[in-house]
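Asker: What follows is a predicted structure for the sequence shown.
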Amino acid sequence: MPLNPTTELAQGIFNNGYLKQNQFIVDLFSPVGNITRLPVFSATLPGFDVNTIEQRDVTGPIKYIPERKTYIQGLFINFFMSKNINGSPYELVNRWSEFFATDNGPNFFYQEGTSASKIHVRIGYDSEQPDIEVIFYEAYPRVLYPIDLKPVEEIVPFTFSANFGYRKFEVLLNGQTIQMPGQ
């Protein structure tokens, strides 16, 4: 039985060494606990933007730096919500954010906690030897988005979304660091 053209195209692409976007896991390392080998619903990794930058923090007139590459600060992860909250990603993200900030501002041990925090996204078929790794250092949850409850979607899993801040990130391709200018 012949394959349809879409299936043939997909098999050809993946047989030629291209990655599948649905093969990734996330490791969360925080001062309040760790979760490793976590399958998540989706993740949006940061990109970059090339444009003219205004530099206003210098004396004298505003300086314009043309065609500068800047990294977009944003790591968005959509987690699966589990029935048992204890030890779940939802509990970890909440405890992690409470560790860093209170209603009155940052906690006094903010620096110590941030330096140990890391998010590790491993992309590829074999999570022990991933094809691409993205490691976010000094990470912390910035936003826990409201949860949309939708009565009409029965097959869509219950998820929650978080946006993470970080100091820097590193991209590894087959274990080798890719030099990221400006990082």
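Answerer: Right, received. Where do you want to start?
Asker: Below-threshold pLDDT in this protein: ranges please.
Answerer: Flagging of the chain using pLDDT under 70 yields the residue ranges 1-22, 58, 71, 105-113, 125-127, 152-154, 179-183.
Asker: now the helices for it?
Answerer: Secondary structure of the chain (DSSP state H): helices at 5-15, 89-100, 110-116.
Asker: Report the separation between His120 and Phe99.
Answerer: 19 Å (CB to CB, to the nearest Å). To be clear about C-beta, it is placed using only N, CA and C from the backbone, and glycine gets the same treatment.
Asker: OK, contacts around the closest residue to Asp27 other than its chain neighbours?
Answerer: Once flanking residues are discounted, Asp27 sits nearest to His120: 4.0 Å by CB to CB, 6 or more residues apart in numbering. By CB atoms under 8 Å, 6 or more residues apart in numbering, the contact list for His120 reads Val26, Asp27, Phe29, Glu133, Val134, Ile135, Phe136.
Asker: Same check on Phe164?
Answerer: Phe164 touches Leu75, Phe76, Ile77, Ile119, Phe136, Ala139, Tyr140, Pro141, Arg142, counting by CB under 8 Å, 6+ apart.
Asker: OK, contacts around the residue lying closest to it once chain neighbours are set aside?
Answerer: Once flanking residues are discounted, Phe164 sits nearest to Leu75: 4.3 Å by CB to CB, 6+ apart. Residues in contact with Leu75 (CB under 8 Å, 6+ apart) are Ala43, Thr44, Leu45, Pro46, Ile119, Phe136, Ala139, Asn163, Phe164, Gly165, Tyr166, Phe169.
Asker: wouldn't Thr52 be in contact with Tyr64 here?
Answerer: Yes: counting by CB atoms under 8 Å, Tyr64 is a contact partner of Thr52 at 5.5 Å.
Asker: quick one: common contacting residues for those two?
Answerer: By CB under 8 Å, 6+ apart, no residue touches both Thr52 and Tyr64.
Asker: hmm, back to that, now the contacts of Leu75 in a markdown table, with distance to Ile85?
Answerer: Formatted as a markdown table, the contacts of Leu75 follow (distance: CB to CB, whole Å):
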| residue | distance to Ile85 |
| --- | --- |
| Ala43 | 22 |
| Thr44 | 25 |
| Leu45 | 27 |
| Pro46 | 29 |
| Ile119 | 21 |
| Phe136 | 25 |
| Ala139 | 22 |
| Asn163 | 21 |
| Phe164 | 20 |
| Gly165 | 24 |
| Tyr166 | 25 |
| Phe169 | 29 |
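Asker: Only the buried subset of those residues, as a PyMOL command please.
Answerer: Those of the contacts of Leu75 that count as buried under 16 or more other CB atoms under 10 Å are selected in PyMOL with:
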select buried, resi 43+45+119+136+139+164+165+166+169
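Asker: Closest one to Ile147 out of the contacts of Leu75, please.
Answerer: Using CB to CB, Asn163 comes nearest to Ile147 of the contacts of Leu75, at 14.2 Å.
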